[in-house]
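[1] Provide a 3D model corresponding to the input given below.
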Amino acid sequence: MLERKTGISAFPDKLDVYRLTDSIRTVQCNLHQEAHYAYASWVITDDGVVVIDTGEPSISSLINEEIARETDKPVKYVIYTHGHADHSRGTYAFMKHNPRIIAHENLISRFKRHELTAEYINRIMKIQIHFDLQSERMPKYPFIYPTETYTNEYEFRLGGKTFYLFHGKGETDDHTLVWIPEEKAVFCGDLLEASFPNLGNPFKVQRYAEEWAVAMERVLALDPDIAIGGDVVLITKEKILEVLGENIELLRFLQDSVVKAANEGKSLEQITEEIQLPPHLEKSPNLRQIYSRREFAIYNIWKRYCGYFDFSPSSLLPRPKKELSGVVRGLIGNDEAIVRAAKKLMADGQLQLALETLDIILKTDYEYVPARRERMEILKKLFDTDICLMSRNTWLYYLEEDKRFLEQHS
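    I've put the predicted structure just below:
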């Protein structure tokens, strides 16, 4: 496995390019918060260059310059492994070559959805990544749609090399995996990660555990020497077997466990508490929950098969939570006691329960200073102890919101 570098600027002046073979180049795009945002790769052939994922606009021009240093051949093809911005928004830099752009057919609807919900996406990026897509430093480039799409498989040859594309589902439903048999190299996009697979995200649409496992099993059947993912490059058969094997086992365990528990009549609350990872997966350095986490994966699988009803009649047509909080707050009749209870829960390490206790007040009066002050302290503890990027940044977002509020009301 290649060393995963840290501290790479979001707006680098130069790229650290890995020469994986005589033909294959890849570059780490560690754009934010030491979480690998993407790997962008390209394959140099006698008849032209194939770019596999273009990265963000902040690095794609540099990739174009790197290609020009090695060859005078044009970029003939651009392949999107999927439609997330860090894999597809840098394409503009290669358009002077007039390349053919290939993607799975589902990518079209993804681009259209992202265009439709652009304001929402920017809002959640501020929360989950702590990054403003509309900042002045971020170039504003529209999506560049593929010139060709496929349904199941697609193949072309260039400069003596075969590029075999096949569809997979996992983090998205529009994934393309690319196999180059002459190089024994496979490009997996974000279906291959060096941490807990991003199977669940509280801000995003459906992910696919079973199909993800199937795609990884298909990759293993190719017997590759090199496997390039969205945040990792594996360069030995031993490591490929280890990482993909553990990912497959994890995905199948979560899929089977959630479905089995649902069929047994258990609720989502029960399932989330009871389904814990086997110790060897929980402790694996390849499955650290630094981007997604067990709970998010369970919620995602439940949502896919079971909807949102939790088999309590009060949940069928629920009233706004502020109404119930108002009833409970009125029955207690003592806001100081609620805040003290939250403080005690925090001291006992029950941080989530402490947050929900404060919501008895904050759902009805979001500007109640003692509750906001106590919530800020709870969020500090959560932020300091959580290693998962998605949840840690969410704590941070509301922590900073509480800081600003309290400064204005001090």
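[2] Surely Lys239 is in contact with Met1?
    Yes. Assessed by C-beta atoms under 8 Å, Lys239 is found in contact with Met1 at 5.2 Å. No exception for glycine: its C-beta is placed from N, CA and C like everyone else's.
[3] In contact with the nearest residue to Leu268 once chain neighbours are set aside: list those residues for me.
    Beyond its immediate neighbours in the sequence, the residue positioned closest to Leu268 (C-beta to C-beta, 6 or more residues apart in numbering) is Trp302, lying 5.1 Å away. By C-beta atoms under 8 Å, 6 or more residues apart in numbering, the residues touching Trp302 are 258, 262, 268, 271.
[4] quick one, helices of this protein?
    Under the criterion DSSP state H, the chain contains helices at 57-70, 85-88, 106-116, 118-128, 209-221, 237-263, 268-274, 279-282, 294-306, 321-332, 335-347, 351-362, 369-385, 389-408.
[5] PyMOL command for the buried members of the contacts of Trp302?
    Those of those that count as buried under 16 or more other C-beta atoms under 10 Å are selected in PyMOL with:
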select buried, resi 258+262+268+271
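[6] Count the residues that sit near the residue nearest to Asp310 when sequence neighbours are not counted.
    Spatial nearest neighbour of Asp310, excluding adjacent residues (C-beta to C-beta, 6+ apart): Ser267 at 5.2 Å. Neighbourhood size, Ser267 [other C-beta atoms under 10 Å]: 17.
[7] and if you look at His409?
    Counted by other C-beta under 10 Å, the residues lying close to His409 total 10.
[8] Start the count at 10 instead of 1 going forward.
    Got it, first residue is 10 now, which makes that one His418.
[9] Quick check: closest non-adjacent residue to it.
    Counting by C-beta to C-beta, 6+ apart, Val378 is the residue found nearest to His418 once chain neighbours are left out, at 5.5 Å.
[10] What distance do you get for the one you found to Asp411?
    Plainly put, Val378 is 10 Å away from Asp411 if you go by C-beta to C-beta, to the nearest Å.
[11] Out of those two, name the residue with the larger neighbour count.
    Ranked by neighbour count (other C-beta under 10 Å), Val378 and Asp411 place Asp411 first, with 19 against 12.
[12] Show the pLDDT at the nearest residue to that one once chain neighbours are set aside.
    Leaving out its chain neighbours, the residue that sits closest to Asp411 by C-beta to C-beta, 6+ apart is Met385, at 3.9 Å. pLDDT for Met385: 98.
[13] May I have the phi/psi pair for the closest residue to Gly239 other than its chain neighbours?
    Spatial nearest neighbour of Gly239, excluding adjacent residues (C-beta to C-beta, 6+ apart): Asp199 at 3.5 Å. With angles defined as degrees, to the nearest 10, Asp199 sits at phi -80, psi 10.
[14] give the contact list for Asp199.
    Contacts of Asp199 by C-beta under 8 Å, 6+ apart are 90-91, 93, 96, 179-181, 184, 207, 238-240.
[15] Among the residues you listed, which one lies nearest to Val337?
    Asn207 (36.1 Å; C-beta to C-beta).
[16] wait, the closest one sits on Glu180?
    Yes. Counting by C-beta under 8 Å, Asn207 touches Glu180, with 5.0 Å between them.
[17] Between those two, which contacts overlap?
    199, 216.
[18] residues touching Val195, list them.
    Here Val195 is in contact with 186-189, 228, 231, 233, 235-237 (C-beta under 8 Å, 6+ apart).
[19] which of those residues count as buried?
    186-189, 228, 231, 233, 235-237.
[20] Can I get those residues in CSV including pLDDT?
    Converted to CSV, these look like this (pLDDT from 0 to 100):
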residue, pLDDT
Leu186, 98
Val187, 98
Trp188, 98
Ile189, 98
Val228, 98
Leu231, 98
Pro233, 98
Ile235, 97
Ala236, 97
Ile237, 95
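[21] of those residues, closest to Leu174?
    Val187 (5.5 Å).
[22] ok, the closest one - contacts?
    Applying C-beta under 8 Å, 6+ apart, the residues near Val187 are 61, 88, 90, 172-174, 195-196.
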